[in-house]
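Trainee: A predicted structure for the sequence below; I have some questions about it.
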Amino acid sequence: MSPVSSHKNPRVEVLIHQALPKTLTYLLPEGQAAPRGTLVSVPLGKKKGFGVVLGLSNENIDEAKLKPIEAPLELPPLKNALLDFIMWVAEYTLSSPGNVLAMALGGQSVLAAPKPRKKKEETETLISPEKHPLSPAQEVAANQLVEDVKKHHFAVTLLDGVTGSGKTETYCEAIEAAMAAGRQALVMLPEIALTTQLVGRLAKRFGFQPALWHSGLTPATRRDTWKAVAEGKAKLVVGARSALFLPYADLGVIVVDEEHDGSYKQEDGVIYHARDMAVVRGKMEKIPVVLSSATPSLETVLNMRAKKYQHVHLPERHGQAVLPRIHLVDLRKEQMPRGGWISPTLQNAIRECLQRGEQSLLFLNRRGYAPLTLCRSCGYRFACPQCTAWLVEHRDGGKHRLVCHHCGTAELYPRSCRECKKENTLAACGPGVERLKEEAGKLFPNARIAVMASDTQEHLAALHQTIAAMEAGQIDILIGTQIVAKGYHFPGLTLVGVIDGDLGLQGGDLRAAEHTFQLLAQVAGRSGRVDVHGRVYIQTVQPQHAVMQNLAQYDRDRLVETLIREREKFAMPPYARLATVTLSATDPAAGKEIAKKLAANIPLQADVEVLGPAPAPMAMLRGRFRLRFLVKTAKATKIQEFIRNWLSLVKIPHTTRVSVDIDPQNFS
Ligand code: ADP
Ligand code: ZN
């Protein structure tokens, strides 16, 4: 690429929105201009492709072999800062730039010519904004955030406030300042389900509907929203991680709400962490980034201590509300009901809550009815034929099935054992939320009970209904997985019961303790958010565990200290860098062969350690066998360079897929 082309007919370099090994060169038809950032449609073999012009090209290819671009699309061009961001993300995650571009283009529906349709009536009714006066602590915090927005420079601030302290109210000031300066604001949330409640709240606060961006939008809405963002008409965008890649005309601030949340990590396709990439985008757009959390990630805490991030603090709940008291229920000492999971202590608490007309939340991070089905006669356990995973029994919606939570395979609940063929021998082992609902229903027959478990698109409407019913006080006991743990504000909710506090501590995950603490602190934070004293009961068989003790004593800082020292001692991130390289193939022998070759070609480098290959904990996923290397390097080492170089030494056939995860969070 160079500013002047020496060829007779100008040619341009185009990045295609697909995983191609390199950019392609096209001729520019006479009289046509296509400056850097122009979106174009181009011939691609016999098909049509889409791409973005990166600039003029000097590539020495015979002109006869080149095809002209078809036409610039009727879409605003991508700005330099976005193009730079796309390239940076591709480089960092070792992905193809075309795949990152595809995220920025928001899918085929944005690129396709719009179908003529009836003009939508203007639904945007303006209401007058409803703004609460800030408390003194909120005011101090908000002023700091607003200052950075006004200065219009890059700065990252941790907005660190206990649950219910008014972090949302506080970051709204930064959003308002950005909009007042004529710029746009982006609020990122870890899950689609959360967007609904926040969008409603922001609409009230600012007097107009924010634009929504997530994977559940219709094609027409996607296109409209994408254009509105690119033209600067969408002033406030609320979205899941993909909203980070939109072509903002003039972004003024990015807020990452619940910044510690694991759902910010995208685990397939381009594997990236949206919180980390938000900081990068902020740097490239030269704008402030606000990371908001009651339980910040260790990485963020360390960046704050190293003075890379600023810190504002809201130590108390807003108004009359106080943090709920957290009781540990020692399951070793309770007389547990037969075939039940709600301890007598928790039962009593729920009963009192019902008598006072208040709401309870029972938290169990397991979807379905039972996580395991086994044959009482021969001991056979029902596993997914495609994955290293047990099939989960589901009974909801009158459909009795066994489902794999990893590949989605579902079968009708069998009448006989797959192995010994005997009938009526199958037993459900352990509880899921549906089974818990059954138990609660028997204990409290007059209570109105609902389950909130799935964040998938097909269930989104039902989810919204449940949220609305909970807000309106039409539910007495809500039972839910981690999707209810986060962010929601249910004024009538005063009791939280955690059914299995130890669930997340099992397994050897590097971040198991940190994530369990964050999740349980979040779910505890749903209780007593208005003025009634809230209570939390955590059922556990290890009440002495540091996570449980620090939860009960609200001593986040002590746990953070312990975890930081551990990471330092074992030279784990952020004191070192990690990446996984996972090979997968339908033929286990073929995968092994490539793994062997890679193992034999590991470049020797003093500050790099490569472990493996070993079967991934999920040794089979969707019918593919998986082998894994773990790469660990010193902090200053360019881990991407090492991996790129290493992978280039071995020819990898199409039948074996290689996926690289830089800064892995999930080791399954
Ligand atoms: P967080 O995001 O820290 O969990 P929220 O912003 O959701 O806290 O605030 C918790 C509750 O307190 C919400 O209902 C919110 O409207 C209310 N609240 C917070 N700050 C104020 C304020 N300054 N004036 C009135 N209500 C407030
Ligand atoms: Zn499966």
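Mentor: Okay, I see it. Ligands and ions are numbered 1, 2, ... in the order given.
Trainee: which residues does the residue of the stretch 201-350 of the chain found nearest ligand 1 contact?
Mentor: Nearest to ligand 1, among the residues of the stretch 201-350 of the chain, is H318, at 3.7 Å (Cβ to the nearest ligand atom). Every residue, glycine included, has its C-beta placed from N, CA and C. For H318, the contact set (Cβ atoms under 8 Å, 6 or more residues apart in numbering) comprises 135, 138, 164-166, 169.
Trainee: Dihedrals phi and psi, A178?
Mentor: phi -60, psi -40 (degrees, to the nearest 10).
Trainee: Let me fix that, I meant to ask about D476.
Mentor: Dihedral angles for D476 - degrees, to the nearest 10 - are phi -90, psi -40.
Trainee: Which positions in this structure make contact with ligand 2?
Mentor: With Cβ under 5 Å from the ion as the criterion, the chain meets ligand 2 at residues 384, 386-387, 404, 406-407, 409.
Trainee: between the residues you listed, which is nearest ligand 1?
Mentor: Set against ligand 1, the nearest of these by Cβ to the nearest ligand atom is H406 (32.3 Å).
Trainee: Tell me the first helix or strand C-terminal of the lowest-mean-pLDDT helix or strand in the chain.
Mentor: None of the helices or strands of the chain scores lower by mean pLDDT, DSSP states H and E than helix 108-111, at a mean of 79. Going down the chain from helix 108-111, the next helix or strand is helix 136-151, by DSSP states H and E.
Trainee: Pull out the buried positions in that following helix.
Mentor: Buried residues in helix 136-151, counted by 16 or more other Cβ atoms under 10 Å: 137-138, 141-142, 144-146, 148-149.
Trainee: Those residues also near ligand 1: which ones?
Mentor: When contact is defined as Cβ under 6 Å from any ligand atom, these meet ligand 1 at Q138.
Trainee: which one of the buried residues of helix 136-151 is nearest H464?
Mentor: Q138 (28.9 Å; Cβ to Cβ).
Trainee: Let me see the confidence value for the closest one.
Mentor: For Q138, the pLDDT comes out at 96.
Trainee: Now that it has come up, it's in contact with G166, right?
Mentor: Yes - shown here, Q138 and G166 form a contact pair, counting by Cβ atoms under 8 Å, at 5.1 Å.
Trainee: hey, what's in contact with both of these two?
Mentor: With Cβ under 8 Å, 6+ apart as the test, Q138 and G166 both reach 314, 318.
Trainee: top strand in this structure by residue count?
Mentor: Using DSSP state E, we find that the single longest strand of the chain is strand 608-621.
Trainee: How about residues contacting that strand?
Mentor: 386-389, 406-407, 507, 582-584, 592, 595-596, 598-599, 602, 625-634, 637, 639, 642, 667-668.
Trainee: rewinding a little: from the chain's centre, how far out is the least confident helix or strand of the chain? Work that out for me.
Mentor: Between the centre of helix 108-111 and the centre of its host chain there is 23 Å, according to Cα atoms, centre = their mean, to the nearest Å.
Trainee: which parts of it are buried?
Mentor: For helix 108-111, by 16+ other Cβ under 10 Å, it's 109-111.
Trainee: Could you export the longest strand of the chain as CSV, CA atoms only?
Mentor: Provided in CSV are the C-alpha atoms of strand 608-621 (Å, rounded to 0.1, in the frame of the first residue of the first chain):
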residue,chain,number,x,y,z
VAL,A,608,8.8,-19.6,26.9
GLU,A,609,7.4,-22.8,28.3
VAL,A,610,5.1,-25.1,26.3
LEU,A,611,3.2,-27.9,28.0
GLY,A,612,1.4,-30.7,26.2
PRO,A,613,0.0,-31.9,24.0
ALA,A,614,-2.6,-33.3,26.4
PRO,A,615,-6.3,-34.1,25.8
ALA,A,616,-8.3,-31.0,26.6
PRO,A,617,-10.6,-31.4,29.7
MET,A,618,-13.4,-31.7,27.1
ALA,A,619,-11.5,-34.2,25.1
MET,A,620,-14.3,-34.4,22.6
LEU,A,621,-16.6,-31.6,21.5
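Trainee: what's the average pLDDT for that strand?
Mentor: Strand 608-621 comes out with an average pLDDT of 95.
Trainee: Please tell me how far it is from the chain's geometric centre.
Mentor: Counting by Cα atoms, centre = their mean, strand 608-621 is centred 24 Å from the centre of its parent chain.
Trainee: List the buried residues for it?
Mentor: By 16+ other Cβ under 10 Å, the buried positions in strand 608-621 come out as 608, 610, 612-613, 615-616, 618, 620-621.
Trainee: quick one: strands adjacent to that strand?
Mentor: Take DSSP bridges as the rule and strand 608-621 pairs in its sheet with strand 624-634 (antiparallel).
Trainee: and the partner strand, which residues are buried?
Mentor: For strand 624-634, the neighbour count (16+ other Cβ under 10 Å) marks 624-633 as buried.
Trainee: Stretch 306-318 too?
Mentor: In stretch 306-318, counting by 16+ other Cβ under 10 Å, buried: 309-312, 314, 316-318.
Trainee: Kindly present the residues you listed as TSV, with separate columns for secondary structure, pLDDT and distance to P35.
Mentor: Formatted as TSV, the buried residues of stretch 306-318 follow (DSSP: H, G, I helix; E, B strand; the rest coil; pLDDT from 0 to 100; distance: Cβ to Cβ, whole Å):
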residue	secondary structure	pLDDT	distance to P35
Y309	coil	98	36
Q310	strand	98	37
H311	strand	97	42
V312	strand	97	41
L314	strand	95	46
E316	coil	90	53
R317	coil	88	53
H318	coil	87	50
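Trainee: now, which of those sits nearest ligand 2?
Mentor: Nearest to ligand 2 among the buried residues of stretch 306-318: Y309, at 39.9 Å, using Cβ to the ion.
Trainee: Please report how far the residue in the stretch 551-668 of the chain that ligand 2 sits nearest to lies from K597.
Mentor: Closest contact between the stretch 551-668 of the chain and ligand 2, by Cβ to the ion, is at R622 (6.5 Å). Going from R622 to K597 by Cβ to Cβ, to the nearest Å gives 24 Å.
Trainee: neighbour-wise, which of these two wins?
Mentor: Neighbour count, other Cβ atoms under 10 Å: between R622 and K597, R622 has more, with 16 against 13.
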